[in-house]
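Undergrad: kindly return the folded structure for what I paste below:
(one chain, ligands or ions: 1)
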Amino acid sequence: MMVWDEVVGQPDAVAELSVAAEDPSAMTHAWLFTGPPGSGRSVAARAFAAALECETGTGCGTCPGCRTSMAGTHADVHVVVPEGLSISVAEMRALVQISARRPTGARWQVVIITDADRLTEGAANALLKAVEEPPERTVFLLCAPSDHPEDVPVTIRSRCRHLGLRTPSAPAIAEVLRARDGIAPEKADWAASVCGGHVGRARRLATDEAARTRRESVLRIPLSLQRMSDVFTCADDLVKSAEADASEVSGARDEAEKDALKTAMGHGGTGKGTASATRGSAAAIKELERRQKSRATRTQRDAIDLALVDLAGFYRDVLVVSSTAPAALNHPDREADARKAANTWSPESTLRRLEAVLACREALELNVKPRIAIEAMLTTLHYG
Ligand SMILES: [Zn+2]
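TA: As a prediction, this is how the structure comes out:
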């Protein structure tokens with residue numbers, strides 16, 4: 001399997017990247033990968049990095065360069081995933097320093113920044129200097145959602161070669177679920193049809209019972225809002241389910257990180273200098289806890305956003321079935337519900353509901369407290 005097989009439903013991008021990887025003389029030192037959520041921006045960047053480190057330059061998928069790059073253990077491939085809501089200046093400075101080194105043995109020093117739209121101004125400035133005068137053997141791969149390209153500072157964007165990814169088709173997603181993950185054809189087709197073009201989401205829905213249950217309960221909301229008290233029950237459910245999702249993801253990792261840090265700092269020792277070491281480690285643990293909290297907030301927000309995207313998809317489906325437009329449904333498995341709603345609500349009130357969901361997403365992006373934004377949205381979803 002070539003590394004490009006990981007990049008689902010993007011034949012044009014793969015063609016461009018594989019040509020670039022095989023011809024180092026035509027290398028561009030900074031790239032910007034954009035695409036809608038789930039299109040696989042960071043997967044494409046990682047596959048490109050693997051091809052750059054590949055012993056044959058093709059992204060063969062089997063040489064040590066390819067395998068370690070894809071597994072995230074290659075010494076010259078650095079991946080930055082912002083843990084909080086943004087990438088700090090300190091993180092970026094450290095990264096720029098690493099990027100200036102010569103590659104240890106391989107062909108390139110590759111720096112992947114998975115959410116370049118979350119750079120703080122200071123971090124962007126630190127990065128800009130490196131992108132302006134890139135070290136000879138260094139390549140920067142920045143990833144950002146295509147709906148917010150303006151969140152990557154124009155000074156950086158203008159120095160990058162742009163690579164646009166698109167939403168992969170449902171058949172392409174079903175194919176990869178079957179071929180690579182060994183998922184049964186029927187389940188693969190279903191997951192691909194309801195994932196909104198998001199490969200990772202499709203995989204999770206196909207393999208994780210809890211994720212399927214959460215989706216079900218979100219999609220039950222539109223028709224279950226019968227009275228005002230339902231608004232509060234549903235708001236409660238949505239917030240709690242996002243919290244549960246977030247703690248499922250981060251709980252175990254938080255503890256493991258804390259243990260690793262305590263061990264590294266020699267916690268609980270009795271030798272000389274222990275008192276000051278303990279003071280130092282208390283500060284380090286506090287800093288770690290702060291980062292973990294910020295990460296949890298983000299995971300929780302992402303979980304709520306996922307629910308809102310599913311909801312918006314449902315209201316769009318209601319508009320689709322009440323028109324004669326031949327558009328594909330977001331949730332083909334809920335078509336009966338969408339038809340029932342279309343027979344009950346006027347198109348105008350469906351549109352108001354859809355807008356309420358989108359407004360809620362915006363409010364959350366502006367840091368409005370989740371429960372407040374969600375209750376406001378559900379009130380409109382109830383009255384229409
Ligand atoms: Zn290879």
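
Undergrad: who's in contact with Val318?
TA: Contact partners of Val318, counting by CB atoms under 8 Å, 6 or more residues apart in numbering, are Pro222, Ala338, Ala341, Ala342, Trp345, Thr350. From N, CA and C alone the C-beta is placed, and that goes for glycine too.

Undergrad: quick one, phi/psi of the fourth one?
TA: Dihedral pair for Ala342: phi -60, psi -30, per degrees, to the nearest 10.

Undergrad: from the ion, how far out is it?
TA: Distance, Ala342 to the ion, using CB to the ion, to the nearest Å: 52 Å.

Undergrad: do the same with Lys369
TA: 49 Å.

Undergrad: ok, and the closest non-adjacent residue to Val79?
TA: Among residues not flanking Val79 along the chain, Ile112 sits closest, at 4.6 Å (CB to CB, 6 or more residues apart in numbering).

Undergrad: so that neighbour lies in a strand, does it not?
TA: Yes: looking at Ile112 with DSSP: H, G, I helix; E, B strand; the rest coil, it is inside a strand.

Undergrad: what about it, neighbour count?
TA: By other CB atoms under 10 Å, the residues close to Ile112 number 25.

Undergrad: partners of the longest strand anywhere in the chain in the sheet?
TA: Determined from DSSP state E, the single longest strand within the chain is strand 138-145. Strand pairing for strand 138-145, determined by DSSP bridges: strand 30-35 (parallel), strand 109-113 (parallel).

Undergrad: next helix or strand past it?
TA: For strand 138-145, the following helix or strand on the C-terminal side (DSSP states H and E) is helix 154-157.

Undergrad: ok, and what's touching that next one?
TA: When contacts are defined by CB under 8 Å, 6+ apart, helix 154-157 is touched by residues Ala30, Leu32, Ala116, Ala124, Leu127, Leu128, Val131, Leu142, Pro149.

Undergrad: dump those into JSON lines; add distance to Val81 as well.
TA: Below are the contacts of helix 154-157 laid out as JSON lines (distance: CB to CB, whole Å):
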{"residue": "Ala30", "distance to Val81": "19"}
{"residue": "Leu32", "distance to Val81": "17"}
{"residue": "Ala116", "distance to Val81": "12"}
{"residue": "Ala124", "distance to Val81": "17"}
{"residue": "Leu127", "distance to Val81": "15"}
{"residue": "Leu128", "distance to Val81": "20"}
{"residue": "Val131", "distance to Val81": "19"}
{"residue": "Leu142", "distance to Val81": "13"}
{"residue": "Pro149", "distance to Val81": "20"}
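
Undergrad: redo these as a markdown table? Include pLDDT, distance to Gln226 and neighbour count.
TA: A markdown table is the format used below for these (pLDDT from 0 to 100; distance: CB to CB, whole Å; neighbours: other CB atoms under 10 Å):
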| residue | pLDDT | distance to Gln226 | neighbour count |
| --- | --- | --- | --- |
| Ala30 | 95 | 54 | 20 |
| Leu32 | 95 | 48 | 24 |
| Ala116 | 88 | 45 | 30 |
| Ala124 | 88 | 49 | 18 |
| Leu127 | 90 | 52 | 29 |
| Leu128 | 91 | 55 | 17 |
| Val131 | 90 | 55 | 22 |
| Leu142 | 95 | 48 | 26 |
| Pro149 | 66 | 42 | 16 |
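
Undergrad: adding distance to the ion, write these out as TSV.
TA: Formatted as TSV, those follow (distance: CB to the ion, whole Å):
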residue	distance to the ion
Ala30	23
Leu32	25
Ala116	26
Ala124	33
Leu127	28
Leu128	32
Val131	27
Leu142	24
Pro149	31
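
Undergrad: how confident was the prediction at the residue nearest to Val79?
TA: Looking at Ile112, its pLDDT reads 94.

Undergrad: same question, Thr324
TA: For Thr324, the predicted pLDDT is 80.

Undergrad: same question for the one 4 residues further on.
TA: The predicted local confidence for Ala328 comes out at a pLDDT of 88.

Undergrad: wait, is it part of a helix?
TA: No: Ala328 is assigned coil when assessed by three-state DSSP, not a helix.

Undergrad: just to revisit the earlier point, and the residue nearest to Val79, what is it in contact with?
TA: Ser42, Ala45, Arg46, Ala49, Val77, His78, Val79, Val80, Leu141, Cys143.

Undergrad: try 6 Å this time
TA: Taking CB atoms under 6 Å, 6 or more residues apart in numbering, we find Ile112 in contact with Ala45, Val79, Leu141.

Undergrad: in the stretch 151-300 of the chain, which spans are helices?
TA: Per DSSP state H, counting those that start in this stretch, the stretch 151-300 of the chain carries helices over the ranges 154-157, 170-179, 185-194, 199-207, 209-224, 228-264, 274-322.

Undergrad: kindly report the same for the stretch 1-150 of the chain.
TA: 11-22, 41-53, 64-71, 89-99, 121-132.

Undergrad: please identify the most buried of these.
TA: With neighbours defined as mean count of other CB atoms under 10 Å, the helices of the stretch 1-150 of the chain peak in mean count at helix 41-53, which reaches a mean of 26.

Undergrad: mind pulling up the pLDDT for the closest residue to Pro64 other than its chain neighbours?
TA: Closest residue to Pro64 apart from its sequence neighbours, by CB to CB, 6+ apart: Glu55 at 7.4 Å. Residue-level confidence at Glu55 comes out at 91, pLDDT.

Undergrad: ditto for Pro171
TA: 94.

Undergrad: near the ion, which residues of the chain are found?
TA: Cys54, Cys60, Cys63, Cys66 (CB under 5 Å from the ion).

Undergrad: contacts only, for the last one.
TA: Counting by CB under 6 Å, 6+ apart, Cys66 makes contact with Val3, Ala50, Cys54, Cys60.

Undergrad: switch to 7 Å and redo it
TA: Taking CB atoms under 7 Å, 6 or more residues apart in numbering, we find Cys66 in contact with Val3, Ala50, Cys54, Gly59, Cys60.
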